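# give me a 3D structure for the following:
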Amino acid sequence: MARVGLNALVLRTDASYRNAGPSRYATNLVQALLAQPSEHRFTVFLNEQVRGLPFEPARPVRVIRTRAPTSRTGVRVLWEHLLAPWHIAAKRLDVVHSMLNVVPLASPTRHVVTVHDLSFMRTPGAHPTHRRWYLIAATWLSARRARVVLADSSATKHDVIELLGIDESRVHVVYPGREAAFRPRPSREVYEFLEGRNLKRPFVLFVGTLEPRKNVDVLVRAFGEVARGGFQGDLVLAGGSGWATAGIDSALAESPVRRRIHRVGYVKQEDLPYWYCAADLVVYPSSYEGFGIPVLEAMASGTPVITSNRSSLPEVAGDAALTVDPRDVHQLADAMAAVLASPERRAQMCERGLIQARQFDWTVAAQRCLNLYRHALDPS
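All right, here's what the predicted structure looks like:
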């Protein structure tokens with residue numbers, strides 16, 4: 001029986017943009033791991049903001065909640081490197097899985113690390129300088145310190161090998177899964193959701209944190225072209241503001257159809273499935289993603305998707321979505337107009353999206369992780 005630590009300090013339960021990609025990954029993977037039959041005993045590290053696990057664990061689990069405010073990124077970084085090693089030693093953990101790029105470097109135990117993406121190296125202008133240099137150094141050291149490196153996609157695996165110089169045999173692809181909440185909903189439920197928020201169809205939806213690499217400014221300009229071409233609906237931008245949103249603000253201010261573009265801010269997790277189901281089209285033109293969860297969520301909800309032809313996004317979308325150059329306004333506008341003008345095409349994309357989404361399963365991800373923990377524990 002091995003003692004396994006799950007470093008889930010990035011897990012959040014509050015209504016903020018930080019309860020997004022890495023937080024959802026940690027929530028779903030921890031839940032799936034604790035639901036699997038296993039010989040391991042688990043210890044889960046949580047930040048002070050999480051008062052309890054956001055699900056009912058299927059097995060006994062030890063929870064260590066930090067006293068320090070590790071929900072703040074700077075404090076989390078210090079706690080991971082200065083205090084986590086002490087807790088790991090005190091609990092005599094045999095292996096620790098850190099779920100956001102960085103392991104407690106001073107801890108003498110075996111480590112597994114998930115590298116979600118290397119956007120701070122692939123798209124350096126999309127990150128503040130101080131964050132970029134810390135992530136480069138800490139991820140480089142952590143990937144070498146870990147016995148096993150998990151990547152969210154084959155594209156990320158390639159980046160880890162190329163940019164961090166890690167041997168291919170130590171890097172393993174473990175795809176995130178779809179959440180059960182994301183599925184086609186009855187028309188009545190969608191209608192009630194729209195009525196309750198005074199929303200009208202048709203509309204195009206973007207979901208994600210508003211930051212430079214998401215190319216929301218390109219989407220806003222492309223929507224302007226589509227609207228001038230005759231589309232009578234709106235554009236909804238769902239997601240909290242990240243950083244450096246001046247480009248988005250400028251695009252919105254300059255848009256001739258500004259009144260038809262709505263920023264709704266961070267969307268509660270329980271409402272998000274209905275936003276996807278209500279939309280006529282989801283557009284996610286990010287320049288770089290380690291996986292691209294909104295693409296998977298939209299496909300699983302039965303909504304057509306247009307996304308980027310960069311990084312992992314074609315890998316996730318398969319043949320179910322259209323892919324475009326994420327910085328080409330006219331190409332994106334043409335793709336949007338073509339999909340919105342054809343109900344038959346949207347129906348075909350919905351059907352393909354549902355099939356594609358079934359390939360991504362959290363139970364499979366958890367089983368793969370358990371096998372890789374055993375691999376990390378192998379004394380040879």
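
# you'd agree residue 326 is up against residue 283?
No - the criterion here is C-beta atoms under 8 Å, and residue 326 misses it with residue 283 at 10.1 Å. C-beta coordinates here come from the backbone N, C-alpha and C atoms, glycine included.

# which one of the two has more residues nearby?
Taking neighbours as other C-beta atoms under 10 Å, residue 326 and residue 283 compare with residue 283 leading, 30 against 23.

# list the beta-bridge partners for that one.
Beta-bridge pairing of residue 283 under DSSP bridges involves residue 306.

# give the contact list for it.
204, 205, 206, 219, 305, 306, 307, 332, 336 (C-beta atoms under 8 Å, 6 or more residues apart in numbering).

# model confidence for residue 15, exactly?
On pLDDT, residue 15 comes in at 65.

# please apply the same query to the one 3 residues further on.
Per-residue pLDDT puts residue 18 at 66.

# the contacts of residue 283: which two are farthest apart?
Farthest apart among the contacts of residue 283 by C-beta to C-beta are 205 and 332. That separation is 14.5 Å.

# of these two, who's got more company?
Taking neighbours as other C-beta under 10 Å, residue 205 and residue 332 compare with residue 332 leading, 26 against 23.

# residue 338 versus that one, what's the distance?
11 Å (C-beta to C-beta, to the nearest Å).

# repeat that for residue 222.
Relative to residue 338, residue 222 is positioned 12 Å away (C-beta to C-beta).

# between those two, who's got more neighbours?
In terms of neighbours (other C-beta under 10 Å), residue 222 is the more surrounded of residue 222 and residue 338; the figures are 28 against 13.

# using the three-state scheme, assign the more buried one.
Secondary structure, DSSP: H, G, I helix; E, B strand; the rest coil: residue 222 is helix.

# hmm, it is touching residue 327, no?
No - the criterion here is C-beta under 8 Å, and residue 222 misses it with residue 327 at 10.7 Å.

# how many residues are close by residue 375?
14.

# next, it: phi, psi?
Here is the backbone geometry of residue 375 (degrees, to the nearest 10): phi -60, psi -40.

# next secondary structure after the helix or strand harbouring residue 253?
Residue 253 belongs to helix 246-254 when elements are defined using DSSP states H and E. With elements assigned by DSSP H and E, the helix or strand that comes after helix 246-254 is strand 261-265.
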